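*Asks:* Take a look and give me a structure for this.
(chains A and B)
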Number of protein chains: 2
Amino acid sequence: MNVVPPALSRLIADLNRLPGIGIKSATRLALHILRRPASEAQSLARDLGELHRSIRLCSGCFAFAESDPCAICKDSERDGGLVCVVEESADLMAIEKTGVFKGKYHILHGVLSPMDGIGPEEIKADALVERIRKQQVREVLIATSSTVPGEATAAYLIKRLQEEVQVKVTRLACGIPMGMDIKYADDLTLSRAIEARKDTSK
Amino acid sequence: MNVVPPALSRLIADLNRLPGIGIKSATRLALHILRRPASEAQSLARDLGELHRSIRLCSGCFAFAESDPCAICKDSERDGGLVCVVEESADLMAIEKTGVFKGKYHILHGVLSPMDGIGPEEIKADALVERIRKQQVREVLIATSSTVPGEATAAYLIKRLQEEVQVKVTRLACGIPMGMDIKYADDLTLSRAIEARKDTSK
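*Replies:* Numbering: from 1, shown residues only, chains lettered A, B, ... in the order given. As a prediction, the model looks like this:
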C-alpha cells in the first residue's frame, strides 16, 4: 500500500533528481521541510522561482551574474590583461575566495568530451580566442582541473592560443597540496612535484 | 570581492539550512539547478509551495496525509485491533515497505527528551492512551528506535498503557540484522541476540 501522500511523493521525486541526493536523502529532506513551518518552504520556492529570472550569463566572461557585464568585468581595478580560464562557476568562486587573483575570467561551462559530443563549440573556445585577440590581453592562465578531460581541454586551448594569438599562456602549478603528508600523496602528484621542484636559492 | 549573484546566494543559503547539506553541497546543488532548464526549478518550486497546503495530519493516527482520516485509518481491510507506535513518518514508510504489517499506526512525531523540553504532551502520549482506551485495540506494537531516547519512550509508553488500559503491549524483536557477519556485530546487539535466543524445536 502506498502510504506517501502524492504531494510529498512529488517533492521527493524532484529532490531525488538533484545530483548526490538518493531516494532516502530525498525522503528525509522532504519530511524535514514538511515538519518545518510552511514559510520556510515558501521562501525556498520563491528563491527557486526567481533564480533563472534574475541570473544571466555575462557576455564578456560567461559568468553567472545579475548584470551584464558582470561585476568583475565592469571592475576597472582588476587587471584586464590577465584572463583566467576555468571550467565552471564553482571554480571561479574557489579562486575568488583566495583573494590572490586580480585579473578577469573566462568560464568555459564544460570540458572537451568527444564521447559526450562536447567539442570546442560547446565550451566557448572560439569566443575565448576571439576575446584574447580583440582585447589587450597579456597573459592567459589556464585553470582547468588536473583530470583527464581538464588536461585535454587545457592542451587544446594552449595549442590554439599559441597558434592563433601568440599570447603568453600559463597554467596553475601542480604539486603536493598544503598540509599533505608526503607518504599519502599519489604517485602522479609526487612525480609532478619532483619534476617541478624549485631552486630555493632563487 | 563577492562574486556570487544575490539570487544565487539566497538559494544557497536556503539549501544550506536543510539537514546534512553543508555550504559546499548547497553551492553545488544551486549551480546544478541554475544549469538545468528553468522549468525544473519551477517544478520544484511549485511542489514546495503546495506541500503544506496539501498535507495535514490524520486526526486518527497523526500520519501526514492529504485526507483526514488517512488512507490507512480509512482502510477497513486493515486490522484496527493492532496498533503500531512509531516515532515518525519515515518509520511508518519503512514498515509499510515490508508489506508484513497489516494493522494501523500511531505516529508520535518525536521521542521523550526532557533536556529539549519534549515531554509526554509533545509526543501525543495522552492521545495514544485515549485512543487505545476508546477503540477496541487488542495489541499495541511499540516500534520506537533502539536508541537511548527511543528505549526511554518505549518504557514510558509500556508503563502507562499497562497501568491505564491493560492492553497487550509488544515490541519489535532485537537481534542480529539479516546479512550481518557475527564478528562485526556490536556487543550490545550480540548480548541481546543471545538473551533472546529462540528454541528451534518450537
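
*Asks:* the bottom helix or strand of chain A by mean pLDDT?
*Replies:* Within chain A, no helix or strand scores below helix A:187-195, which has a mean of 84 by mean pLDDT, DSSP states H and E.

*Asks:* Quick test: name the residue nearest the centre of chain A.
*Replies:* The residue lying closest to the centre of chain A (CA atoms, centre = their mean) is residue A:88, at 2.1 Å.

*Asks:* could you measure that one against chain B, distance?
*Replies:* Note on residue A:88: its distance to chain B, by CB to the nearest CB, to the nearest Å, is 7 Å. The way it works is simple: take the backbone N, C-alpha and C, and place the C-beta from them, glycine included.

*Asks:* per-residue confidence at the nearest residue to residue A:138 once chain neighbours are set aside?
*Replies:* Counting by CB to CB, 6 or more residues apart in numbering or on different chains, residue A:81 is the residue found nearest to residue A:138 once chain neighbours are left out, at 3.8 Å. Model confidence at residue A:81, expressed as pLDDT, equals 94.

*Asks:* Identify each buried residue in the lengthiest strand in chain A, please.
*Replies:* The longest strand of chain A (DSSP state E) is strand A:79-86. Neighbour-count burial for strand A:79-86, counted by 16 or more other CB atoms under 10 Å in any protein chain shown, picks out A:82, A:83, A:84, A:85, A:86.

*Asks:* how distant is stretch A:127-135 from the center of its chain?
*Replies:* A distance of 20 Å separates the C-alpha centroid of stretch A:127-135 from that of its chain, computed with CA atoms, centre = their mean, to the nearest Å.

*Asks:* Please apply the same query to stretch A:158-175.
*Replies:* Distance, centroid of stretch A:158-175 to centroid of chain: 19 Å (CA atoms, centre = their mean).

*Asks:* okay, it in PDB with CA atoms only?
*Replies:* This file holds the C-alpha atoms of stretch A:158-175, laid out as PDB (Å, rounded to 0.1, in the frame of the first residue of the first chain):
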ATOM      1  CA  ILE A 158      47.100  26.200 -25.200                       C
ATOM      2  CA  LYS A 159      47.700  25.000 -28.800                       C
ATOM      3  CA  ARG A 160      45.000  27.200 -30.300                       C
ATOM      4  CA  LEU A 161      46.100  30.300 -28.300                       C
ATOM      5  CA  GLN A 162      49.700  29.900 -29.200                       C
ATOM      6  CA  GLU A 163      49.000  29.300 -32.900                       C
ATOM      7  CA  GLU A 164      46.300  32.000 -33.400                       C
ATOM      8  CA  VAL A 165      47.100  34.800 -30.900                       C
ATOM      9  CA  GLN A 166      50.700  34.500 -29.700                       C
ATOM     10  CA  VAL A 167      49.800  35.300 -26.100                       C
ATOM     11  CA  LYS A 168      51.600  34.200 -23.000                       C
ATOM     12  CA  VAL A 169      49.800  31.100 -21.700                       C
ATOM     13  CA  THR A 170      50.300  29.900 -18.100                       C
ATOM     14  CA  ARG A 171      48.900  27.000 -16.000                       C
ATOM     15  CA  LEU A 172      48.300  26.500 -12.300                       C
ATOM     16  CA  ALA A 173      51.300  24.900 -10.600                       C
ATOM     17  CA  CYS A 174      50.900  21.200  -9.800                       C
ATOM     18  CA  GLY A 175      52.500  19.600  -6.700                       C
END
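
*Asks:* Would you map the helices across chain A?
*Replies:* A:6-16, A:23-35, A:38-54, A:71-74, A:89-98, A:125-134, A:148-164, A:187-195 (DSSP state H).
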